[in-house]
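A.B. asks: structure, please.
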Amino acid sequence: MTARVPLVLLPGMACDARVWDERIVRELNGAAEALLVEVLRGRRSGYGGTNTRNRSGLVRHLRFSQGGIVALELTDRAPERILGVAVIGCSARAPTPAQTVMWNALDRHAAEGRLDTVVDLMMPALLHGEARLRFGPLVRQMAHSVGAAGLREQLAAQLARSDRRARLGLVSCPALVMAGRA
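C.D. replies: Numbers count the residues shown, from 1 in each chain. Predicted structure coming up:
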């Protein structure tokens, strides 16, 4: 019997493993061994690590996500271990000045324990239109699960990310890039 290829599912900013609907994971398990990385807790076992506030540490431990950004970093660090990569709603650019201002404000709110304010400010960037009504409560639950300290670490990693557009052509594995207008 041939071993199934592992498929590591990384949740995005302020999300935990619940962002990957169980039905999708079951479907994916037919073609691969879907490994859901639980943000912060290092679960799906074996993932986790020391408390770190930089992108390199995030990749080294698969501890926090920014899913697609971490996946792209892995294609640089361990291309021989990556059979393929899919990035969804991810940017290869460095943070814009407007993002830096927003993320610093979110960090201050998180430091003061105002998670609901953080979620309210992030929601327009995370969900659009009807999706906000349908999935907004889940996003709020996931953000609270990630917690203030976790969100602050995610924000620090976002703020430290570099512009990787020049390196995109070096990705040697098959890649799927998905993005939408909203």
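
A.B. asks: drop to CA atoms for contacts and neighbour counts, all remaining ones
C.D. replies: Will do.

A.B. asks: what helices or strands is the biggest helix by length in the chain leaning on?
C.D. replies: Among the elements of the chain assigned as helix by DSSP state H, the one spanning the most residues is helix 130-160. Applying 3 or more CA pairs under 8 Å, 6 or more residues apart in numbering; DSSP states H and E, we find helix 130-160 packed against helix 55-61, helix 97-111, helix 115-126.

A.B. asks: deepest of these, which one?
C.D. replies: Burial among the helices and strands packed on helix 130-160, expressed as mean neighbours by mean count of other CA atoms under 10 Å, is greatest for helix 55-61, which shows a mean of 19.

A.B. asks: immediately after the lowest-mean-pLDDT helix or strand in the chain, which helix or strand?
C.D. replies: The helix or strand of the chain with the poorest confidence is helix 55-61; it has a mean of 38 (mean pLDDT, DSSP states H and E). Under the assignment DSSP states H and E, the closest C-terminal helix or strand after helix 55-61 is helix 67-77.

A.B. asks: for that following helix, packing partners?
C.D. replies: If you count contacts as 3+ CA pairs under 8 Å, 6+ apart, helix 67-77 packs onto helix 55-61, strand 85-88.

A.B. asks: if we go to 10 Å?
C.D. replies: Identification of packing neighbours for helix 67-77 by 3 or more CA pairs under 10 Å, 6 or more residues apart in numbering; DSSP states H and E yields strand 6-9, helix 55-61, strand 85-88, helix 130-160.

A.B. asks: what would those look like in TSV with distance to residue 168?
C.D. replies: Converted to TSV, the helices and strands packed on helix 67-77 look like this (distance: least, CA to CA, whole Å):
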stretch	distance to residue 168
strand 6-9	20
helix 55-61	17
strand 85-88	12
helix 130-160	18
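
A.B. asks: so which of the ones you listed gets nearest residue 31?
C.D. replies: When the helices and strands packed on helix 67-77 are compared by CA to CA, strand 6-9 sits nearest residue 31, at 9.2 Å.

A.B. asks: hmm, who's touching the closest one?
C.D. replies: The set of residues that contact strand 6-9 without belonging to it, under CA atoms under 10 Å, 6 or more residues apart in numbering, is 17, 19-20, 25, 28-29, 31-38, 44, 62, 65, 67-68, 71, 82-86.

A.B. asks: quick one: strands adjacent to that strand?
C.D. replies: Partner strands and pairing direction for strand 6-9 (DSSP bridges) are strand 33-36 (parallel).

A.B. asks: how about residues contacting the strand it pairs with?
C.D. replies: Contacts of strand 33-36 from elsewhere in the structure, counted by CA under 10 Å, 6+ apart, are 3-11, 16-20, 24-29, 43-45.

A.B. asks: one step back: so after the longest helix of the chain, what's the next helix or strand?
C.D. replies: Note on helix 130-160: by DSSP H and E, the next helix or strand toward the C-terminus is strand 175-178.

A.B. asks: other SSEs contacting that next one?
C.D. replies: Here strand 175-178 touches strand 85-88, going by 3+ CA pairs under 10 Å, 6+ apart.
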